[in-house]
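In: this is the structure alone, sequence omitted:
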């Protein structure tokens, strides 16, 4: 009887440990940020969608032409955020879209996207 009770107790502890690990992994998942940069003639189209269920999202996207700042757009939302903006561009120049912000106060940075107009 003692052995059976001890076995049940150990199984219960293991189950609670696995559940705690699963919750921690879910909390630490990186937000899904999907930045896009494309050109319509000499217009740069910048877009980003960010999702993190149940979290406050604050983000900024910046467009750079090599080392020159072109413009930015910012916003905030709960669980989901979309930013979209257009800027004048010059043929043959390289542009970089940068996206960064916070999710429930924790900073994040998306991978930069660079393209030639």
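Out: Cool, the structure landed. Every value quoted in this text rests on a predicted model; they were computed, and no experiment measured them.
In: elements contacting the helix or strand residue 107 falls within?
Out: In this structure, residue 107 sits in strand 106-109 according to DSSP states H and E. For strand 106-109, the packing partners by 3 or more C-beta pairs under 8 Å, 6 or more residues apart in numbering; DSSP states H and E come out as strand 94-103. All C-beta spots, glycine's among them, are computed from the backbone N, C-alpha and C.
In: got the buried residues for the strand it packs on?
Out: 95, 96, 97, 98, 99, 101, 102, 103 (16 or more other C-beta atoms under 10 Å).
In: among the residues you listed, which two are most distant?
Out: Pairwise distances across the buried residues of strand 94-103 peak at 25.9 Å for 95 and 103 (criterion: C-beta to C-beta).
In: hmm, who's touching stretch 109-117?
Out: If you take C-beta atoms under 8 Å, 6 or more residues apart in numbering as the criterion, stretch 109-117 is touched by 33, 35-39, 42, 44, 48, 89-100.
In: could I get the buried residue list for the helix or strand just after the strand holding residue 107?
Out: Sequence-wise, the next helix or strand downstream of strand 106-109 (DSSP H and E) is strand 113-116. Buried positions in strand 113-116, judged by neighbour count with 16+ other C-beta under 10 Å: residue 113.
In: so that it lines up with my notes, have the first residue be 300 from now on.
Out: From this message on, residue numbering opens at 300, which makes the last subject strand 412-415.
In: and strand 412-415, average pLDDT?
Out: For strand 412-415, mean pLDDT is 97.
In: in its sheet, what does that strand sit against?
Out: Counting by DSSP bridges, the strands paired with strand 412-415 are strand 393-402 (antiparallel).
In: now the partner strand, how far from the centre of its chain.
Out: Distance of strand 393-402 from its chain centroid, counting by C-alpha atoms, centre = their mean, to the nearest Å, is 10 Å.
In: what's the answer for stretch 333-346, then?
Out: For stretch 333-346, the distance to the chain centre is 18 Å (C-alpha atoms, centre = their mean).
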